[in-house]
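J.: return a 3D structure for these sequence lines:
(chains A and B)
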Amino acid sequence: MNAGKLIAQIAAIAIIAYCSYSAVISAIPLDKEDLQNPMEGLDSMSVNTTMSGVNLNVSVEGDITSNLPQDIVGVKVAFFIGKDSTKITLLEKDIGTIQSKTPYHLTANTSIPMCTILAYAVCAIDDSGHMKVPIRTQVEFKYFEWQDSYLVDLGITVNMNYDTLVPTIPTPTYDPTDHSVSMDVDISSAGSDLISAIATHIPDDTYEFTCNGATFTAVKSGTEITLEATGTSEYTAVQLLQEYLDDNGSLTVTYGSEDYVIDKDNAESFINILKIFYDKAVTP
Amino acid sequence: MSRDDIRKVEDKLTKEEKRYLNSKSRVVKHVVLSIVEYVIVILLVMIIATYMQYGTLDNFFDEIQHMGDWFQPGGMMFNAIIGLLPIIAIGCISVYFGEGTFGKMAFGLIKGAAIILWLVLVFQGASTSLSLPEIFEGMGLEELKIGMDGLVKFMVLVFLCCLLIPIGEFCGARKKHLRAVAHKDRLDEDKDF
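T.: Take a look at the predicted model:
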């Protein structure tokens, strides 16, 4: 037997076991109830959606309590609709630190131009008449502190595909004289809060937006929504917006006397969504 | 034991002494074992990854065929397969050296470092390759980013502790190695006469 090797093995195991035990014991709740329910309040967050002129306002509010023995740091939450080239950021919130055993009051507000959501909604309808609205939630956090580093350093993106039934498959129409596209949608049941908000919170009316040379008209009547995007006699709405975005780096939606600036990333996604809208109409 | 028996024993190296001397034949045996070890480890990684991805191993071979991205450079399986090769090679070289030699200790330390590097590569590959299954219908984990700083730090600690083992082995076997070398030299001298 190699005594030197045996002593080294025992020493190595002892050091690793001690470090692992001390790290785990400081980060994992010892109380069984805390272990089963490490975060309280996530289920009871209130999400409110209201209309304000051109925008759909979304507000999230509630208290979160962490039952974990250590603080959760670097917490960031973001919500998106769609992904990749059609990703529109709905809400981003840098929460920072959620202290252990201390209620954290979360408030987050955002405004989203309604036409971007409507444009997304009408483009998300598949051939079977279902509107698959992917709402993506991104959460980042760090936990399990050990020697000034975090053993748990995660970024998780959860994809929720809300399925909304559209009773009849809508056929978009295209008018080459003013390069306009139009589509009627009847949203009978909405799995998504956002689409529900459109169906229930937005008063029945005709809404006309302008956006850097292009015009958008949304007619809301009960669960029926008609969306029309109009360009000019020479250009489609996509071409007008793309040119403006290339020159100015953002888009501005105007509704009545209110303006709302869409940043570059969201503007590019909006234009990509409109392209799908036009493609559906021109080559149904 | 008679004087002749003692002389016979002293005339050749014992099995115990051969452990402390360098040996080419050990390398040949170890290469065969290493190939088996390589296949087993890769199969284990594939089984664990498939189970994490699909939550079942019922259609293991069918599911493996849908993991093309995993075998691309940077993917989990690519990192596992390529990264394990140097460990196997270092292992084969280290068995050439007898216990108590500087070579054995040095290659033991290098192998420890290579294993840690391999684990880091597999973890990083896993964080980009795995798309975890749906939590329930319509809801699934789309992306999982794992920050490696803390884990790498912990692995370094484990590695530093594991460094103690080849050092301890060296210290414990050094005298026996020197005795075995002296015995071998004496036998070689006798042969020359």
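J.: residue 144 in helix, strand or coil?
T.: This is for chain A. strand (DSSP: H, G, I helix; E, B strand; the rest coil).
J.: could you measure from it over to A:L68?
T.: Using C-beta to C-beta, to the nearest Å, A:F144 is found at 9 Å from A:L68. In this view, the C-beta of every residue, glycine as well, is placed from N, C-alpha and C.
J.: so what sits against both of these two?
T.: A:A27 (C-beta atoms under 8 Å, 6 or more residues apart in numbering or on different chains).
J.: list phi and psi for the closest residue to chain B within the stretch 101-250 of chain A.
T.: Closest residue of the stretch 101-250 of chain A to chain B, C-beta to the nearest C-beta: A:D153 (2.6 Å). A:D153 adopts backbone torsions of phi -130, psi 90, taken as degrees, to the nearest 10.
J.: ok, now A:P69?
T.: phi -70, psi -20.
J.: quick one, what contacts it?
T.: So, once contact is read as C-beta under 8 Å, 6+ apart, A:P69 ends up touching A:26-30, A:100.
J.: of the residues you listed, just the buried ones, ChimeraX syntax please.
T.: Here is the ChimeraX command that picks out the buried ones among the contacts of A:P69, judged by 16 or more other C-beta atoms under 10 Å in any protein chain shown:
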select /A:27,29
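J.: and the residue of the stretch 101-250 of chain A closest to chain B, what's its pLDDT?
T.: A:D153 carries a pLDDT value of 85.
J.: how about B:L132?
T.: Reported pLDDT for B:L132: 55.
J.: which strand or helix spans B:R174?
T.: helix B:149-192 (DSSP states H and E).
J.: helices or strands up against that helix?
T.: Using 3 or more C-beta pairs under 8 Å, 6 or more residues apart in numbering or on different chains; DSSP states H and E as the contact definition, the elements that helix B:149-192 packs against are helix A:3-27, strand A:130-146, strand A:149-165, helix B:3-11, helix B:15-18, helix B:102-129.
J.: residues in contact with stretch A:14-23?
T.: Stretch A:14-23 has contacts (C-beta under 8 Å, 6+ apart) with A:144, A:146, A:151, B:154, B:157-158, B:161.
J.: export it to PDB, keeping only CA atoms.
T.: C-alpha atoms of stretch A:14-23 as PDB (Å, rounded to 0.1, in the frame of the first residue of the first chain):
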ATOM      1  CA  ALA A  14     -11.800  16.000   3.300                       C
ATOM      2  CA  ILE A  15     -11.100  19.400   1.800                       C
ATOM      3  CA  ILE A  16     -13.600  19.000  -1.000                       C
ATOM      4  CA  ALA A  17     -16.300  17.700   1.300                       C
ATOM      5  CA  TYR A  18     -15.800  20.500   3.800                       C
ATOM      6  CA  CYS A  19     -15.900  23.200   1.100                       C
ATOM      7  CA  SER A  20     -19.000  21.600  -0.500                       C
ATOM      8  CA  TYR A  21     -20.800  21.200   2.800                       C
ATOM      9  CA  SER A  22     -20.100  24.800   4.000                       C
ATOM     10  CA  ALA A  23     -21.300  26.200   0.600                       C
END
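J.: looking at it now, give me its mean pLDDT.
T.: Averaging the model's pLDDT scores along stretch A:14-23 yields 91.
J.: buried ones in that stretch, by neighbour count?
T.: Residues of stretch A:14-23 classed as buried by neighbour count (16+ other C-beta under 10 Å): A:16, A:19, A:23.
J.: for stretch A:58-74, same thing?
T.: Buried positions in stretch A:58-74, judged by neighbour count with 16+ other C-beta under 10 Å: A:58, A:60, A:62, A:64-74.
J.: A:F209 reaches A:T215, doesn't it?
T.: Yes - at 7.2 Å, A:F209 counts as touching A:T215 under the criterion of C-beta atoms under 8 Å.
J.: neighbour count for those two, which is higher?
T.: A:F209 (23 against 17; other C-beta atoms under 10 Å in any protein chain shown).
J.: how near is A:L227 to A:L240?
T.: 17 Å.
J.: output stretch A:153-170 as PDB, nothing but the C-alphas.
T.: Taking Å, rounded to 0.1, in the frame of the first residue of the first chain, the C-alpha atoms of stretch A:153-170 are listed here in PDB:
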ATOM      1  CA  ASP A 153     -25.500  31.900 -12.500                       C
ATOM      2  CA  LEU A 154     -28.400  31.300 -14.800                       C
ATOM      3  CA  GLY A 155     -30.200  33.000 -17.600                       C
ATOM      4  CA  ILE A 156     -33.400  31.200 -18.500                       C
ATOM      5  CA  THR A 157     -35.800  32.000 -21.400                       C
ATOM      6  CA  VAL A 158     -39.200  30.500 -21.100                       C
ATOM      7  CA  ASN A 159     -41.300  30.300 -24.200                       C
ATOM      8  CA  MET A 160     -45.100  30.400 -23.800                       C
ATOM      9  CA  ASN A 161     -47.000  29.700 -26.900                       C
ATOM     10  CA  TYR A 162     -50.500  31.100 -26.300                       C
ATOM     11  CA  ASP A 163     -52.900  29.500 -28.700                       C
ATOM     12  CA  THR A 164     -55.800  31.700 -29.800                       C
ATOM     13  CA  LEU A 165     -58.500  30.300 -32.000                       C
ATOM     14  CA  VAL A 166     -59.400  32.400 -35.000                       C
ATOM     15  CA  PRO A 167     -62.800  31.000 -36.200                       C
ATOM     16  CA  THR A 168     -62.300  31.600 -39.900                       C
ATOM     17  CA  ILE A 169     -58.900  31.800 -41.600                       C
ATOM     18  CA  PRO A 170     -58.600  35.400 -42.600                       C
END
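J.: which parts of the stretch 151-284 of chain A sit against chain B?
T.: Residues of the stretch 151-284 of chain A that fall close to chain B, judged by C-beta under 8 Å from any C-beta of the partner chain: A:151-163, A:191.
J.: now, among the contacts of A:P69, which is nearest to chain B?
T.: The nearest member of the contacts of A:P69 to chain B, counting by C-beta to the nearest C-beta, is A:A27 at 11.1 Å.
J.: pretty sure the closest one sits against A:K142.
T.: No - contact criterion C-beta under 8 Å: A:A27 and A:K142 do not qualify, at 11.4 Å.
J.: how close does B:M155 get to B:I88?
T.: 20 Å.
J.: with A:G4 instead?
T.: As judged by C-beta to C-beta, A:G4 and B:I88 stand 26 Å apart.
J.: and A:P134, by the same measure?
T.: A:P134 sits 44 Å away from B:I88, taking C-beta to C-beta as the criterion.
J.: how many other residues sit next to the nearest residue to B:I116 once chain neighbours are set aside?
T.: Among residues not flanking B:I116 along the chain, B:F159 sits closest, at 4.4 Å (C-beta to C-beta, 6 or more residues apart in numbering or on different chains). For B:F159, the neighbour count with other C-beta under 10 Å is 17.
J.: cool, and B:S94?
T.: Residues lying near B:S94 (other C-beta under 10 Å) number 21.
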